[in-house]
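Trainee: Dropping a prediction and its sequence here:
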Amino acid sequence: LMPWLTQAAGPFMEGWLGIPGSAVPAFMLGLVRRDFGAAALYAGGLSPGQVLTGAVTVTLFAPCITLVRATVKERGFLHRSAIWLGCTALALLVGGLTDRLTLG
């Protein structure tokens with residue numbers, strides 16, 4: 001699954017976030033545990049600006065799987081889906097703006 005995700009998300013990450021597609025696994029790891037995702041970005045050989053952009057995006061990205069499960073139980077699937085989409089859109093918007101402000 002990871003090669004497919006890297007191929008699918010790579011061009012977007014490079015074009016909007018200024019981060020190479022090879023960092024997709026770090027973002028996926030961030031869905032499991034944010035701190036692991038941020039550490040993987042730092043260890044991935046990215047520039048300081050790319051690490052900052054990635055860390056901001058991962059931090060704002062959709063909550064980890066455990067929180068998603070808890071929110072589905074509390075609010076229901078449709079409400080949780082709306083929250084997930086909003087968080088993801090906000091994270092990608094702020095991440096792209098961060099890239100432009102730090103000059104990647």
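Mentor: All right, it came through fine.

Trainee: what packs against the strand or helix carrying residue 78?
Mentor: Here residue 78, judged by DSSP states H and E, is contained in helix 77-102. Other helices and strands packing on helix 77-102, by 3 or more CB pairs under 8 Å, 6 or more residues apart in numbering; DSSP states H and E, are helix 48-60, helix 65-75. All C-beta atoms are positioned from the backbone trio N, CA, C, and that covers glycine.

Trainee: if we look at the first one, which residues are touching it?
Mentor: Going back to what we said before, that points to helix 48-60. For helix 48-60, contacts defined as CB atoms under 8 Å, 6 or more residues apart in numbering pick out 17-20, 23, 26-27, 30, 34, 37-38, 41-42, 46, 87, 90-92, 94-95, 98-99, 102-104.

Trainee: Quick one: buried ones out of these?
Mentor: 17-19, 23, 26-27, 30, 34, 37-38, 41, 46, 91-92, 95, 98-99, 102, 104 (16 or more other CB atoms under 10 Å).

Trainee: Okay, now the unreliable bits of the protein?
Mentor: Low-confidence segments of the chain (pLDDT under 70): 62-64, 103-104.

Trainee: For residue 24, the count of nearby residues, please.
Mentor: Using other CB atoms under 10 Å, residue 24 has 21 neighbouring residues.

Trainee: give the contact list for the closest residue in space to residue 61 that isn't next to it in sequence.
Mentor: In this structure, residue 61 finds its nearest non-sequential neighbour in residue 91, 4.3 Å apart by CB to CB, 6 or more residues apart in numbering. When contacts are counted by CB under 8 Å, 6+ apart, residue 91 touches 56-62.
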